[in-house]
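Novice: okay, predicted coordinates and the sequence, questions at the end:
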Amino acid sequence: MQPDVFTHRASGPHEPLRTFHPRRSPLGTDRADALTRLFPRWGFSVDDPRVPPPRTRDGWLDPLALYGRDAPLVMEIGSGMGDATAAMAAADPGRDWLAVEAHLPGVAALLLLVERLGLTNVRVAHGDALRLLRADVAPGSLDAVHAFFPDPWPKARHHKRRLVQPAHVALLRDRLRVGGTLHVATDWADYAEQMRDVLTADPDLVGGVVPRPAHRPVTRFEQRGLDLGHDVTDVVVRRVR
Ligand SMILES: C[S@@+](CC[C@H](N)C(=O)[O-])C[C@H]1O[C@@H](n2cnc3c(N)ncnc32)[C@H](O)[C@@H]1O
């Protein structure tokens, strides 16, 4: 896999604002090697037509082809370095996990974990999860969506880039099956309020703030917040119609 496969399409004037910071971090030898060996097996690109996801005849993402079985599908948006994703997928082998991460070193780090732990139920998409959801994920096809510690965009003028906002939540809800869950968490107090308000305002989503469920490990980004004395808020809602 050549590195140019992973170059992002920049946001053009007609594209929605991105929810992530564009970063170009060096990969290092192990991660570059992981991409070469493992991305073709367990990864696909949101943007690059040379490494597309498998699709059904209708053009939607095809989980059966991706995982080789028909199991409930969990999407994690912004899996970071992948520790939490790998731990949750290892503990829940009856479901399949699609981690979507815009940051290439994170994609590589998770691929290495998948290999090390021998996980068969994890695939990793490189790129913008919102773009993938809009273009490729069939309505009603996800059992759960997780977004743990999405970029907080603390400055008021950047709040429009936050992942949890009404238009994005409408998209996520549409891609969940009825009965499926959306689980978000943050260590930013005003984002926690925004998450609670936006998610509970949607009449088709029911739920609210919960203590951290035991199945969600403390994530890397969360630990940084905890070390700074931040409180952490989890919000879990279920699609009811
Ligand atoms: C603050 S980090 C948290 C990472 C991890 N969940 C954790 O808790 O340690 C947020 C991550 O989400 C990714 N991200 C943000 N918006 C995204 C999007 N639309 N699609 C894919 N990844 C996204 C960023 O690249 C970043 O790695």
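Specialist: Alright, I've got the coordinates.
Novice: separation between the nearest residue to Ala192 once chain neighbours are set aside and Val124?
Specialist: Nearest non-adjacent residue to Ala192, counting by C-beta to C-beta, 6 or more residues apart in numbering: Thr233, 3.6 Å away. Where you see a C-beta, it was placed from the backbone N, CA and C, and this is true even at glycine. As judged by C-beta to C-beta, to the nearest Å, Thr233 and Val124 stand 27 Å apart.
Novice: who's more crowded, those two?
Specialist: The residue with more neighbours, out of Thr233 and Val124, is Val124; 26 against 20, by other C-beta atoms under 10 Å.
Novice: isn't Asp115 right up against Leu38?
Specialist: One thing to correct before we go on: residue 115 is Glu, not Asp. Yes - when contacts are counted by C-beta atoms under 8 Å, Glu115 is listed as touching Leu38 (6.0 Å).
Novice: with neighbour numbers in mind, choose between these two.
Specialist: The neighbour comparison of Glu115 against Leu38 (other C-beta under 10 Å) goes to Leu38, with 19 against 14.
Novice: name the helix or strand for that one, please.
Specialist: Using DSSP states H and E, Leu38 maps to helix 29-42.
Novice: that helix - what's its average pLDDT?
Specialist: Helix 29-42 carries an average pLDDT of 96.
Novice: now for it, which elements pack on it?
Specialist: In terms of contacts (3 or more C-beta pairs under 8 Å, 6 or more residues apart in numbering; DSSP states H and E), helix 29-42 is packed against helix 104-117, strand 122-126.
Novice: with just CA atoms, put it into PDB.
Specialist: The C-alpha trace of helix 29-42 is given here as PDB (Å, rounded to 0.1, in the frame of the first residue of the first chain):
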ATOM      1  CA  THR A  29       8.400   2.200  10.500                       C
ATOM      2  CA  ASP A  30       6.000  -0.200  12.400                       C
ATOM      3  CA  ARG A  31       2.900   1.700  11.400                       C
ATOM      4  CA  ALA A  32       4.000   2.200   7.800                       C
ATOM      5  CA  ASP A  33       4.600  -1.500   7.600                       C
ATOM      6  CA  ALA A  34       1.200  -2.200   9.300                       C
ATOM      7  CA  LEU A  35      -0.500  -0.200   6.600                       C
ATOM      8  CA  THR A  36       1.300  -2.000   3.800                       C
ATOM      9  CA  ARG A  37       0.500  -5.400   5.200                       C
ATOM     10  CA  LEU A  38      -2.800  -5.100   7.000                       C
ATOM     11  CA  PHE A  39      -4.800  -2.300   5.400                       C
ATOM     12  CA  PRO A  40      -5.500  -4.300   2.200                       C
ATOM     13  CA  ARG A  41      -6.800  -7.100   4.400                       C
ATOM     14  CA  TRP A  42      -8.800  -5.300   7.100                       C
END
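Novice: quick one, that helix and strand 122-126 angle?
Specialist: 110 degrees (axes from the mean of the first three to the mean of the last three C-alpha atoms, to 10 degrees).
Novice: pull out the buried positions in helix 29-42.
Specialist: Residues of helix 29-42 classed as buried by neighbour count (16 or more other C-beta atoms under 10 Å): Arg31, Ala32, Ala34, Leu35, Leu38, Phe39, Trp42.
Novice: just checking: which of those residues also lie near the ligand?
Specialist: Residues of the buried residues of helix 29-42 in contact with the ligand (C-beta under 6 Å from any ligand atom): none.
Novice: and stretch 85-98, what's its mean pLDDT?
Specialist: 98.
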